[in-house]
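1. fold the following.
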Amino acid sequence: MDYTTQPTRLSFKNKLFLALFGLVISALMLEVAFRVLAPGLKPKRWSDRPYAYFIPSDSRTLQDRLPHPKDPGTFRILVVGDSFTFGPHLQLNDTFPKKLEQMLNLNPAAPRVEVINRGVCGVSTEVEVELVREALKEQPDLLVLEITLNDAETLPLTKAKRAELFEAPWMKWRIFTIWRSLGFVAQRLHNYQTVGRHIEYYNQLFKNPQTLQQFDTALTKIAILAKGVQVPILAMVFPLFDFPVNNNYPFHEIHTVIQKSLAAHAITEVDLLMAYKNIPPERLQVIPGVDNHPNEIAHRIAAERLLAVLADQHYLPEAVLPSRIFRQREGLQSKSSPGVAVWSRAAHAVAHTTEHTEN
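-> Predicted coordinates:
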């Protein structure tokens, strides 16, 4: 008699049950591990934002000084723009207009230069037409118009509208707060989709004939206002710091469209794309991962590039240009030769071709 044990064959239902049981156990183990380990993986919360903000005593808002008479001999620059000019979460003196002002007042015997920050959060170029009209009443010698890539908006995005455009309703499902590991996966998927929606939103602003025409018409009005009082105008274009500024930066086309619009109105352009190339976004965001407005580093870089173009294009009296210029500042002495002549040789190159590369 053959007593050899024959292998037991599982039915399809049993196999399915075991497979589902294994998946459930794996999911439970993953959830337990996620709840135990995930809290320890979160970075500790910290903030390097100012504990208080210091504003001129004659300002009624958190902006720069109120309009005031220009002192004789003063060279006055007015900067009009949106939140990228205003500088949320920054000291006023850390914004690029005030950094530029500091750089242009380094020569004790030179005429005083005043650079006034007239940035207003949430405004489009269309709204800035009236801001420019008011700024020109302050008798500027130069007007700088700051442009951000949402300046073609018909209306600023409200919190509700932003949620409607970029936030998926299914992310509010309660299951994601109960089942945390699943919620983590869902959040990653949502973030990926949101990036795509942001890219499409900004690109459409300059592809849609209505919003593009509105932007172009606003530029026309601003150019006419400045020409009417014979004030030179220069436009400075910021990239968006949600994305690395490199060859894969998704808004190169928008910069080209803006460049053509400015050229059509004979407005000198300072495009800051190259100034920020290859710098990690977290080094430029005012609150990394939370608020993508430019921080102190980004504002200082903007001021340096603006200064270089102003010098190269002869918008400024030569006496106010920094005369002591060095390529390094690592100790008390430098081998670099200082001198105003540096501007004529290198200002244009610095403004338009400087790249930051990884070591």
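
2. from here on, just use CA atoms for contacts and neighbour counts.
-> OK.

3. need the contact list for residue 245.
-> 239, 273, 276, 277, 278, 279, 280, 281 (Cα atoms under 8 Å, 6 or more residues apart in numbering).

4. in CSV, list those along with pLDDT, neighbour count and secondary structure.
-> Formatted as CSV, those follow (pLDDT from 0 to 100; neighbours: other Cα atoms under 10 Å; DSSP: H, G, I helix; E, B strand; the rest coil):
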residue, pLDDT, neighbour count, secondary structure
239, 97, 24, coil
273, 94, 21, coil
276, 96, 22, helix
277, 95, 20, coil
278, 95, 16, coil
279, 96, 18, coil
280, 95, 16, coil
281, 95, 21, helix
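
5. reformat those as TSV; add distance to residue 49.
-> Shown next, in TSV, are those (distance: Cα to Cα, whole Å):
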residue	distance to residue 49
239	22
273	26
276	22
277	25
278	24
279	21
280	19
281	17
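
6. between those, which is closest to residue 82?
-> Closest approach between those and residue 82, by Cα to Cα: residue 239, at 13.4 Å.

7. tell me where the model's unsure across the protein.
-> 1-10, 15, 18, 27, 30-31, 34-43, 156-173, 176, 179-195, 334-359 (pLDDT under 70).

8. show me where it has strands.
-> Assigned by DSSP state E, the chain shows strands spanning 75-81, 113-119, 142-147, 233-237, 268-271, 285-287, 291-294.

9. burial count for residue 128?
-> The number of residues packed near residue 128 is 24, by other Cα atoms under 10 Å.

10. these two touch, right, it and residue 80?
-> Yes: Residue 128 is in contact with residue 80 according to Cα atoms under 8 Å; the separation is 7.2 Å.

11. contacts only, for residue 88.
-> Per Cα under 8 Å, 6+ apart, neighbours of residue 88: residue 293.

12. for it, phi and psi?
-> When quoted as degrees, to the nearest 10, the phi and psi of residue 88 stand at phi -60, psi 140.

13. for it, give its distance to residue 94.
-> 10 Å (Cα to Cα, to the nearest Å).

14. please apply the same query to residue 77.
-> In terms of Cα to Cα, residue 77 sits 17 Å off from residue 94.

15. what's the closest non-adjacent residue to residue 221?
-> Among residues not flanking residue 221 along the chain, residue 129 sits closest, at 6.7 Å (Cα to Cα, 6 or more residues apart in numbering).

16. so who does that neighbour touch?
-> Neighbouring residues of residue 129 by Cα under 8 Å, 6+ apart: 218, 219, 221, 222.
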